[in-house]
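Chemist: Build me a structure from this.
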Amino acid sequence: MSSEKKPNPMRDILISKVVLNACIGDKPDLLQKVAETLKEFTGQECQFGKAKKTIRQWDVRRSRGISVYVTLRGEKAIEILKKGICAKEFVLKSTCVTPKGHLNFGISEHIDLGIKYEPSVGIFGLHMSVVLRRRGQRVLERKIKKGKIGNNHKIKPEESRAWLEEELQLEFI
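Modeler: Numbering: from 1, shown residues only. Down below sits the predicted model:
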């Protein structure tokens, strides 16, 4: 018998999903063009975010489309995340990691990701959200027989930063 302890596979941190969001405002034509650009880049259908309330100064009306987003999972999510990190030159602020251990950062120009520039669309920014989780997290979210997860199993910001530095060669300032 070997006296070596195997690492617990339930403690491994994984990327659950990556969400790309572009908030354009109440401009339906431009919103549709941005959605087509994101669909071409990711290969997935985009969803539209709607305004919750009317803000007259911004010309935003309630229940009208103001943003477009796409949720990526699996290998495609990792590939797009690596492009986003390259656009930020592998350096992010330490405040980009939330208290729950997720990662959020913005990209000021979509062409930094390698998306082709189209004059009819112009240049738009993107917000990238990365949800990190451990195996077993579904116990909290499922509909039948929901359970609790102990504090030791929850991802802390320090663990998230360490994992991102090790796996994706990120540097936090």
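
Chemist: any idea how far the spatially most central residue of the chain is from Val91?
Modeler: Note on the chain: the residue nearest the mean C-alpha position is Ser129, at 2.2 Å, using CA atoms, centre = their mean. For Ser129, the distance to Val91 equals 18 Å [CB to CB, to the nearest Å]. C-beta coordinates here come from the backbone N, C-alpha and C atoms, glycine included.

Chemist: which residues does Arg133 contact?
Modeler: 13-14, 16, 155 (CB atoms under 8 Å, 6 or more residues apart in numbering).

Chemist: Quick check, pLDDT for the residue nearest to the centre of the chain.
Modeler: Here, the pLDDT recorded for Ser129 equals 95.

Chemist: which residue sits closest to it, ignoring its sequence neighbours?
Modeler: Val19 (4.4 Å; CB to CB, 6 or more residues apart in numbering).

Chemist: Surely Arg73 touches Leu14?
Modeler: No: applying CB atoms under 8 Å, one finds Arg73 not in contact with Leu14, separated by 10.6 Å.

Chemist: which stretches of this protein aren't confidently modelled?
Modeler: For the chain, applying pLDDT under 70 flags the ranges 1-2.

Chemist: In contact with Lys83, which residues?
Modeler: Lys83 neighbours (CB under 8 Å, 6+ apart): 113-114.

Chemist: Counting neighbours, show which residues of the one helix or strand it maps to come out buried.
Modeler: Element membership of Lys83, judged by DSSP states H and E, is helix 75-87. By neighbour count on 16 or more other CB atoms under 10 Å, the buried set for helix 75-87 is 77-78, 80-81, 83-85, 87.

Chemist: repeat for stretch 65-74
Modeler: Neighbour-count burial for stretch 65-74 [16+ other CB under 10 Å]: 65-72.

Chemist: Reformat these as TSV; add secondary structure and distance to Phe48.
Modeler: Shown next, in TSV, are these (DSSP: H, G, I helix; E, B strand; the rest coil; distance: CB to CB, whole Å):
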residue	secondary structure	distance to Phe48
Gly65	strand	4
Ile66	strand	8
Ser67	strand	7
Val68	strand	6
Tyr69	strand	8
Val70	strand	11
Thr71	strand	13
Leu72	strand	17
